[in-house]
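# Structure, please.
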Amino acid sequence: MTNPPARNTLFIMGKYSIHVEKDYLKFSAAHFLVFGEKCERLHGHNYAVSVDLEGDLDGIGYIFDFIVLKEFAEHHCNALDHKTLIPSKNQHIKINDNDGNTEVLFRDKKFVFPESDVLILPIPNCTAELLAHYLCQKLKDDLENMKAVNIGLIRVGVEESPGQTAYYTEEIG
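Here you go, the predicted model:
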């Protein structure tokens, strides 16, 4: 096992963080929530995404390159954009593939969507909180693939509508 890199002492000690929030870090998607025996109506939101990283500075004084972080976040927003989001880990719904269509069953409700318009997510419900967690995991994978070992914390915000944002924060590294 290798030792983690030594903390950079060339710069003033303390906590450093970066924040990205851009007009293009967004996605429009349809969803519904399941509340036990109830299922709300299918509806959509224009979501906005923000990302914060906290960590140690590298040799040039960076936590992580803003441009690369924005590219990662934009890629994951684009994957969600103009999709109907379906939670695969919800015990109250059943998902079937049926001849190029995705069929979603909840009690006596039946939704049928073209398969290409659906994104099935490994979450129990499509809340802003769980979408923030989902995006955080995707970004965390990106950071691990880049071997960004100086990052200690990632925080993702998903704004469902102006003034309503859910956050997920995770310590990493």
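# by contact count, what packs against the longest helix along the chain?
Ranked by residue count under DSSP state H, the longest helix found in the chain is helix 128-145. Judged by 3 or more CB pairs under 8 Å, 6 or more residues apart in numbering; DSSP states H and E, helix 128-145 is in contact with strand 43-55, helix 66-80, strand 151-161, strand 164-171. Every C-beta, even on glycine, is put in place using the N, C-alpha and C of the backbone.
# can you list the residues that contact the longest strand along the chain?
Ranked by number of residues, the top strand in the chain under DSSP state E is strand 16-31. For strand 16-31, contacts defined as CB atoms under 8 Å, 6 or more residues apart in numbering pick out 42-57, 63-64, 66, 69-70, 73-74, 77-78, 80-86, 119, 126, 153, 157.
# Now do the next helix or strand after that strand, average pLDDT.
On the C-terminal side of strand 16-31, the closest following helix or strand by DSSP states H and E is strand 34-35. In this model, strand 34-35 has a mean pLDDT of 90.
# Make 6 the starting number, not 1.
That works, and once the first residue is 6, the last one we named lands at strand 39-40.
# Please compute how far strand 39-40 lies from its chain's middle.
Strand 39-40 has its C-alpha centroid displaced from the chain centroid by 21 Å (CA atoms, centre = their mean, to the nearest Å).
# if we can go back for a sec, between helix 133-150 and the longest strand of the chain, find me the angle.
130 degrees (axes from the mean of the first three to the mean of the last three CA atoms, to 10 degrees).
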